[in-house]
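Undergrad: 3D model of this:
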Amino acid sequence: MEIYDIVARWPGSVHDSRIFTNSKCYIRFEEGEIAGLLIGDSGYAQSSNMYTPVHNPQSQPEFRYNRAHISTRNIIERFNGGMEKKICMFE
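TA: Next up, the predicted model:
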């Protein structure tokens, strides 16, 4: 678990995917400087390094993929929620 980039210059109404595609982290992934996979919600575009849920899954493998994706994103969402609480404490 590593934090590669924190971007605080965007207002709260901007979608996470827009913030990500305008971040140094995105550029580092695109240039191959960072190896790995990213997990995003359905607001992100599926790409070679960004994995999103299958919309309207039809097969058992698609259902299993979505379950694994959701359980993995749960960890990330809990971390983000904890960070938001810590940040609010400092405001």
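Undergrad: Where do the helices of the chain begin and end?
TA: 16-21, 24-30, 60-90 (DSSP state H).
Undergrad: Just the pLDDT at the most centrally placed residue in the chain, thanks.
TA: By CA atoms, centre = their mean, the chain has its centre lying nearest to residue 40, at 3.8 Å. pLDDT recorded at residue 40 is 88.
Undergrad: Can you name the residues that contact it?
TA: 16, 17, 20, 50, 51, 52 (CB atoms under 8 Å, 6 or more residues apart in numbering). (Each C-beta comes from the backbone N, C-alpha and C, glycine too.)
Undergrad: For the first one, give me its contacts.
TA: Read it as residue 16. Contacts of residue 16 (CB under 8 Å, 6+ apart): 40, 41, 43, 44.
Undergrad: what separates residue 38 from residue 60, distance-wise?
TA: 25 Å (CB to CB, to the nearest Å).
Undergrad: Can you pick out the residue with more neighbours from these two?
TA: Shown here are residue 38 and residue 60; by other CB atoms under 10 Å, residue 38 has more neighbours (16 against 8).
Undergrad: Okay, the spatially closest residue to the more buried one that is not a sequence neighbour and residue 39: tell me how far apart.
TA: Distances taken as CB to CB, 6 or more residues apart in numbering place residue 50 nearest to residue 38, at 4.7 Å, with adjacent residues excluded. The gap separating residue 50 from residue 39 is 8 Å, by CB to CB.
Undergrad: Same question for residue 5.
TA: From residue 5 to residue 39 the distance is 16 Å (CB to CB).
Undergrad: Could you check which of those two is surrounded by more residues?
TA: residue 39 (16 against 13).
Undergrad: ok so, going back, buried subset of the contacts of residue 40?
TA: 17, 20, 50, 51, 52 (16 or more other CB atoms under 10 Å).
Undergrad: name the helices or strands packed onto the helix or strand of the chain with the lowest mean pLDDT?
TA: Ranking every helix and strand in the chain by mean pLDDT, DSSP states H and E puts helix 60-90 at the bottom, with a mean of 80. Applying 3 or more CB pairs under 8 Å, 6 or more residues apart in numbering; DSSP states H and E, we find helix 60-90 packed against strand 38-39.
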